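What follows is a predicted protein model with its sequence.
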There are 2 protein chains.
Amino acid sequence: MAISPTHTNRTADSIIVPDVVVERLPLYVRVLAGFEARGTEMVSSEQLGSQLHMTPAQIRKDLSYFGRFGKQGRGYNVQALALRLREILGLDRSWNACLVGVGRLGRAIISYPGFAPEGFNIVSAFDMNPAVVGTMVDGISVDAISEIKPVVERLDIAIGIVAVPAAAAQEVIDRLVEAGVGGILNYAPITAHAPGNVKIKNIDPVMSLQSMTYYLKTRIQA
Amino acid sequence: MAISPTHTNRTADSIIVPDVVVERLPLYVRVLAGFEARGTEMVSSEQLGSQLHMTPAQIRKDLSYFGRFGKQGRGYNVQALALRLREILGLDRSWNACLVGVGRLGRAIISYPGFAPEGFNIVSAFDMNPAVVGTMVDGISVDAISEIKPVVERLDIAIGIVAVPAAAAQEVIDRLVEAGVGGILNYAPITAHAPGNVKIKNIDPVMSLQSMTYYLKTRIQA
DNA sequence: TGTAGTGTGTGCCTTATATCACAAGCGCAA
DNA sequence: TTGCGCTTGTGATATAAGGCACACACTACA
């Protein structure tokens, strides 16, 4: 949460970075990767901004929370900035995750090919259903819910992915927290609760659609 | 976007409701459904707030954008408020959606059982791969990308769900917009662009994880 | 009819976030 | 070496969102 900047004259070290800013960093990493792939050496906040549809000032300010990465008159070195942002986000290493709930959704998550290339490895799965426990799904062995704590500890799992029915989700989250995970990716349609030192991110396509329709309602159909 | 309130003495009709507020409404609908199921007749903003971990004042203020639904000293009638919010969000009807990209992710989306009960029906699918075009997936026929426009018009499709690789996503989104959809649910990891009258919602679990690790980094492991 | 208890709706204030705008730094060209 | 064009980093300012606190409305009960 804290960073050690040499770049500031404010009261103290350890400036708190707003969540909104942290959530934008992966976006920057992604467009930088694009420029990197195209062999571009330098980019300006202007260029980044036009790609991302945001103002250059916002990008500069976001970056300024973490240091001074740019050169006046030149912009940012693509490679260096990408590298630095990955370090800041903790993307310069890989992370172990476990999945709870090996139903239809859970299986789709296990076989989703987007996690591994970014350094997120699902190394373990859990389910309540005795018919599934003990089987292998896509190379991952499925254990009983009661095994969460020992397995999380043994495999150094930092992230729990929750794909169980709504009714069971909070209970599962509590177990994951107790087992020591630091973050939870929750696919269940509930308002999940966890202690402040555990980060929860919700993925809820249905809720996205349900707010979208508010805008569809008033549209004149083409 | 506009509402016709009798409840206000402000400058004009048609108050613009902030996006953040609209995005919270489905949350309210969900907890109200819970109270409804338990047979509760009245709830206070206090009770709603404690379920959702938010302040009662925020809930009251959010609701006040749309009308005066509560009774002093009593709270809100659960059924009536749920009904009204559903109307406001356009959830008192069903919506047709189409899926573009029938790969692994696309198939998982088609067979995801969470959409239909909430009134979102995937009625059509499209893919680029000639091997898939013409087949049926989970009861949905797969057409060529070039068919998007006629099919969207014929089946009155308001929502496009994008599950194609990043490189193809913007092109697909452009086609969907041109075909006349009003909203897009985008699973591709890109910064999508669309005209202002088309609502885009992104679902990106990887990006969620990538910002989560920022907080995991600094955690003392248990 | 009166009074006590409760919870809404909202004006006003606080906090958070975004944008502006400019001094200062850098590189290039003459 | 000087000067010009460009782009950063950041105070200052503007806008947006959140929360407080209270007048007022409603119910219940005496």
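Received, thanks. Residues are numbered from 1 along each chain as shown, chains lettered A, B, ... in the order given.

Please enumerate the strands of chain A.
For chain A, the strands defined by DSSP state E occupy A:42-43, A:70-71, A:75-77, A:95-100, A:120-127, A:136-137, A:140-144, A:159-162, A:183-186, A:199-202.

Please name whichever of these is nearest to DNA strand D.
strand A:70-71 (2.8 Å; CB to the nearest atom of the strand). Where C-beta positions appear, they are placed from N, C-alpha and C, glycine not excepted.

what mean pLDDT does the closest one have?
Per-residue pLDDT values across strand A:70-71 average out to 97.

quick check, it touching DNA strand C?
Yes - interface with DNA strand C: strand A:70-71 contributes A:Lys71 (CB under 7 Å from any atom of the strand).

In its sheet, which strands sit next to that strand, and in what direction?
As defined by DSSP bridges, the strand partners of strand A:70-71 come to strand A:75-77 (antiparallel).

average model confidence for the partner strand?
Strand A:75-77 shows a mean pLDDT of 98 in the predicted model.

if we can go back for a sec, hey, which of the strands of chain A is tucked in deepest?
Of all those, strand A:159-162 has the most neighbours on average by mean count of other CB atoms under 10 Å in any protein chain shown, namely a mean of 27.

got the contact list for it?
A:95-101, A:109, A:120, A:122, A:152, A:169, A:172-173, A:176, A:179, A:181-188, A:192, B:209, B:212, B:216 (CB atoms under 8 Å, 6 or more residues apart in numbering or on different chains).

residue contacts, the residue lying closest to A:Leu216 once chain neighbours are set aside?
Spatial nearest neighbour of A:Leu216, excluding adjacent residues (CB to CB, 6 or more residues apart in numbering or on different chains): B:Gly182 at 4.4 Å. Listed by CB under 8 Å, 6+ apart, the contact set of B:Gly182 reads A:215-216, A:219, A:221, B:158-159, B:197-199.

List just the nearest of those residues to A:Ile145.
The shortest approach to A:Ile145 among the contacts of B:Gly182 belongs to B:Ile159, at 35.6 Å (CB to CB).

just the helices in chain A please.
Assigned by DSSP state H, chain A shows helices spanning A:19-37, A:45-52, A:56-64, A:78-89, A:104-111, A:148-154, A:166-179, A:205-217.

Those helices into TSV, with extra columns for distance to B:Phe69?
Shown next, in TSV, are the helices of chain A (distance: least, CB to CB, whole Å):
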stretch	distance to B:Phe69
helix A:19-37	31
helix A:45-52	39
helix A:56-64	37
helix A:78-89	42
helix A:104-111	34
helix A:148-154	42
helix A:166-179	25
helix A:205-217	17
